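Asks: compute the structure for the input listed below.
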Amino acid sequence: MWVRAVPWARESLEAVLASGRRRSARADLPPEFEEKRGAFVTLKRHPSGALRGCIGYPLPILPLRLAVARAALAAATDDPRFPPVVSEELPRLTVEVSVLSVPEEIRAPRPEDRVAAVQVGRDGLIVEGLGTSGLLLPQVAPEQGWSAEEFLEGACQKAGLPFDAWRDPRLRVLRFGADVFAEKSPSGEVVRVPTGA
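Replies: Residues are numbered from 1 along each chain as shown. Now for the predicted structure:
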């Protein structure tokens with residue numbers, strides 16, 4: 001059912017970049033899109049697959065239709081790592097949507113227990129504390145060929161922390177799952193993205 005999130009993200013993005021106006025609610029989206037869900041939208045250059053933007057909502061604070069539409073626009077215009085996407089670029093970009101489960105804290109008495117609790121390919125990670133936070137989607141670890149420990153290190157680095165900060169008991173580590181769907185080519189067939197689980 002979440003496969004519909006990808007064309008919705010593209011349509012929302014195209015409408016805003018073309019007219020400067022947000023799309024109104026789509027009547028033909030399934031009722032499940034009114035559920036509050038966390039969601040991320042990732043834009044990639046085609047055919048290289050190079051990242052062009054990725055932003056989202058880790059927590060279920062918005063109905064999915066709004067979370068996807070707003071994340072698509074933010075990925076295109078607000079990712080500080082990249083200049084804003086212009087409408088002429090869209091035909092060379094693919095859209096990927098990750099619909100998230102609710103994050104749960106990994107409660108572990110010892111740092112090595114945190115490593116054991118992370119399953120590469122199933123889990124996304126959020127680290128928060130020490131004045132910052134960082135998030136990596138479940139597909140990142142398999143794409144990078146990371147182990148669970150390297151994934152924890154990557155999440156810490158995303159938060160601007162030392163790579164081994166995950167060992168600090170003051171830092172909270174949360175995990176979440178995601179259903180991930182992406183275009184095979186710009187505006188093309190939408191497929192489920194295997195994350196390596």
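
Asks: enumerate every residue touching the residue nearest the centre of the chain.
Replies: Nearest to the geometric centre of the chain sits residue 40, at 3.4 Å (Cα atoms, centre = their mean). Listed by Cβ atoms under 8 Å, 6 or more residues apart in numbering, the contact set of residue 40 reads 54-58, 71, 75, 97-98, 100, 137, 178. All C-beta spots, glycine's among them, are computed from the backbone N, C-alpha and C.

Asks: and it, its phi and psi?
Replies: When read as degrees, to the nearest 10, the backbone of residue 40 gives phi -130, psi 140.

Asks: partners of it in the sheet?
Replies: Applying DSSP bridges to residue 40 gives these bridge partners: residue 56, residue 98.

Asks: what's in contact with stretch 113-121?
Replies: 106, 108, 125, 138, 141-142, 146-149, 151-152, 166-167, 173, 175, 195-197.

Asks: could you pull up the mean pLDDT of it?
Replies: Averaging pLDDT along stretch 113-121 gives 96.

Asks: just how off-centre is it within its chain?
Replies: Stretch 113-121 has its C-alpha centroid displaced from the chain centroid by 19 Å (Cα atoms, centre = their mean, to the nearest Å).

Asks: what of stretch 8-17?
Replies: The mean C-alpha position of stretch 8-17 is separated from the chain mean by 17 Å, Cα atoms, centre = their mean.

Asks: kindly report the same for stretch 91-110.
Replies: Relative to the mean C-alpha coordinate of its chain, stretch 91-110 is positioned 5 Å out (Cα atoms, centre = their mean).

Asks: got the CA coordinates for it in PDB?
Replies: Below are the C-alpha coordinates for stretch 91-110, written out as PDB (Å, rounded to 0.1, in the frame of the first residue of the first chain):
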ATOM      1  CA  PRO A  91      13.600  14.400 -15.000                       C
ATOM      2  CA  ARG A  92      17.100  13.300 -13.900                       C
ATOM      3  CA  LEU A  93      16.200  12.400 -10.300                       C
ATOM      4  CA  THR A  94      14.600   9.300  -8.800                       C
ATOM      5  CA  VAL A  95      12.400   9.500  -5.700                       C
ATOM      6  CA  GLU A  96      12.600   7.100  -2.800                       C
ATOM      7  CA  VAL A  97      10.200   7.000   0.200                       C
ATOM      8  CA  SER A  98      10.800   5.300   3.500                       C
ATOM      9  CA  VAL A  99       7.700   4.800   5.700                       C
ATOM     10  CA  LEU A 100       8.900   4.400   9.300                       C
ATOM     11  CA  SER A 101       7.800   2.400  12.300                       C
ATOM     12  CA  VAL A 102       7.800   4.200  15.600                       C
ATOM     13  CA  PRO A 103      11.400   4.400  17.000                       C
ATOM     14  CA  GLU A 104      12.100   2.300  20.100                       C
ATOM     15  CA  GLU A 105      15.000   2.900  22.500                       C
ATOM     16  CA  ILE A 106      17.700   0.200  22.700                       C
ATOM     17  CA  ARG A 107      18.100  -0.300  26.400                       C
ATOM     18  CA  ALA A 108      21.300  -2.100  27.000                       C
ATOM     19  CA  PRO A 109      23.400  -2.400  30.200                       C
ATOM     20  CA  ARG A 110      26.700  -2.600  28.300                       C
END
